[in-house]
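[1] Sharing a model that was predicted from the sequence below.
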Amino acid sequence: QIRLEESGGGLVQAGDSLRLSCQVIGGNINMWSMGWFRQAPGKEREFVASISRSSGRRAYADFAEGRFTISRDNAKATVFLEMNNLVAEDTAVYFCARARLTTYNAPRDRNEYGPWGQGTQVTVSS
């Protein structure tokens, strides 16, 4: 059974950058799209970014466009989320997930993903 492990979160100041990593253990990601989502206290889990299996397609939430970059290293079964110019509203637990089905798209719907990691906390102080 595969599991996903996120890392790279932390406490930063507004304007800083963070790079999140998500490593898939016990499996590979070669044939699957990967996604990042986040959940702030009292809010639903929301889409952040996704990347197709060949990196040919990437999708971003409006708030992530221009500030966040998703990438992947299939050889290392790892997906990354580079986050720049962080703001307080980016404070949340960030989760990565592998798409349920093999697809050439970069899905935005969280229901198209599973399994999920445990998440990594990102806190941005203003």
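    Sure thing, it's come through.

[2] so the residue nearest the centre of the chain is in which element?
    Closest residue to the average C-alpha location of the chain: Trp36 at 2.2 Å, with CA atoms, centre = their mean. Secondary structure assignment for Trp36, by DSSP states H and E: strand 34-39.

[3] Against which helices or strands is that strand packed?
    In terms of contacts (3 or more CB pairs under 8 Å, 6 or more residues apart in numbering; DSSP states H and E), strand 34-39 is packed against strand 18-25, strand 46-51, strand 68-73, strand 78-83, strand 92-99. (C-beta placed from N, C-alpha, C; glycine too.)

[4] Check the spacing between the residue nearest to the centre of the chain and Ser126 real quick.
    Look at Trp36 and Ser126: by CB to CB, to the nearest Å, they are 22 Å apart.

[5] Around Gly56, how many other residues sit close by?
    By the measure other CB atoms under 10 Å, the count of residues near Gly56 is 10.

[6] Give me the secondary structure label for it.
    Assigned by DSSP: H, G, I helix; E, B strand; the rest coil, the conformation of Gly56 is coil.

[7] What does the pLDDT read for the residue lying closest to it once chain neighbours are set aside?
    With sequence-adjacent residues excluded and distances taken as CB to CB, 6 or more residues apart in numbering, Gly56 is closest to Tyr104, at 7.6 Å. The model reports Tyr104 with a pLDDT of 89.

[8] Alright, that wraps it up for me.
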